[in-house]
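A.B. asks: sequence unknown, structure follows:
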């Protein structure tokens, strides 16, 4: 493949990843031809909401670390349509709210949120707010945000490549199953850039992210027989908290 064609493919994959994982406006329509093969670019798509969050932190620098962290979380939620937060809440409700795989999948598909989902969201927001507040106060927020945004989206690709969809419909099945090569490339790109941004701490963050994502995958396999879009969203949220915690403790 000629260099020009490679660049065109990379650009197309990035557009498709941003179009799928964010609510940011893009000129024209992303090329859907590559489908799940473009999933290697999902970690890079995470840079967009993270950069916007960094801008919010910079603009609110005079109002204190706590408010800046809250604004950063709000910006990231708006940029992604809160799809990952929604996945976390549905996963918590479904995996702990039903006695059979069928019932758990029904609960996860229901638009209403239950007690487990509310608690999961509260704890997730509190954890990220606390970690971000400390990072902002220490003036380390932007590189850590960018690294965590990339590392936390690698499990989404890996879980899709590793596990079958748990239901016949839904976003996960519609996107398709990425090849293992896409997960490997996405992971390598995310880890390389995270190492540049945060040093060797990114390696420890990546290892713990893998452990958290593997544990979630095994839980999902046992309870619903595979992965769903909600499981993928939950993996991003849990992985982001993990990456932020490790990187914050190391800097």
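C.D. replies: Structure's in. What do you need? Given the structure is predicted, the values throughout are model-derived calculations rather than measurements.
A.B. asks: can you pull the buried residues of the strand or helix carrying residue 187?
C.D. replies: Assigned by DSSP states H and E, residue 187 falls within helix 180-198. Buried residues in helix 180-198, counted by 16 or more other C-beta atoms under 10 Å: 182-183, 185-187, 189-191, 193-195, 197-198. Quick note: C-beta positions are derived from backbone N, CA and C, even for glycine.
A.B. asks: what's it in contact with?
C.D. replies: For helix 180-198, contacts defined as C-beta atoms under 8 Å, 6 or more residues apart in numbering pick out 36-44, 143-144, 146-147, 150-151, 153-154, 157-158, 160-162, 202-203, 205-206, 247, 250-251.
A.B. asks: Equivalent analysis for stretch 158-169, please.
C.D. replies: The contact list for stretch 158-169, computed with C-beta under 8 Å, 6+ apart, reads 36, 39, 101, 105, 109, 172-173, 175, 177-180, 182-183, 187, 213, 216-217, 220-221, 224-228, 231-232, 235.
A.B. asks: pLDDT score assigned to residue 173?
C.D. replies: Model confidence at residue 173, given as pLDDT, is 60.
A.B. asks: cool, the one 4 residues further on as well?
C.D. replies: Per-residue confidence (pLDDT) for residue 177: 85.
A.B. asks: Number of residues surrounding it?
C.D. replies: Neighbour count of residue 177, defined by other C-beta atoms under 10 Å: 18.
A.B. asks: Excluding residues flanking it in the chain, which one is nearest residue 213?
C.D. replies: Closest residue in space to residue 213, ignoring its immediate chain neighbours: residue 155 at 3.4 Å, by C-beta to C-beta, 6 or more residues apart in numbering.
A.B. asks: and the host helix or strand of the one you found, how far from the chain's centre?
C.D. replies: Assessed by DSSP H and E, residue 155 sits inside helix 154-162. Relative to the centre of its chain, helix 154-162 is centred 11 Å away, using C-alpha atoms, centre = their mean, to the nearest Å.
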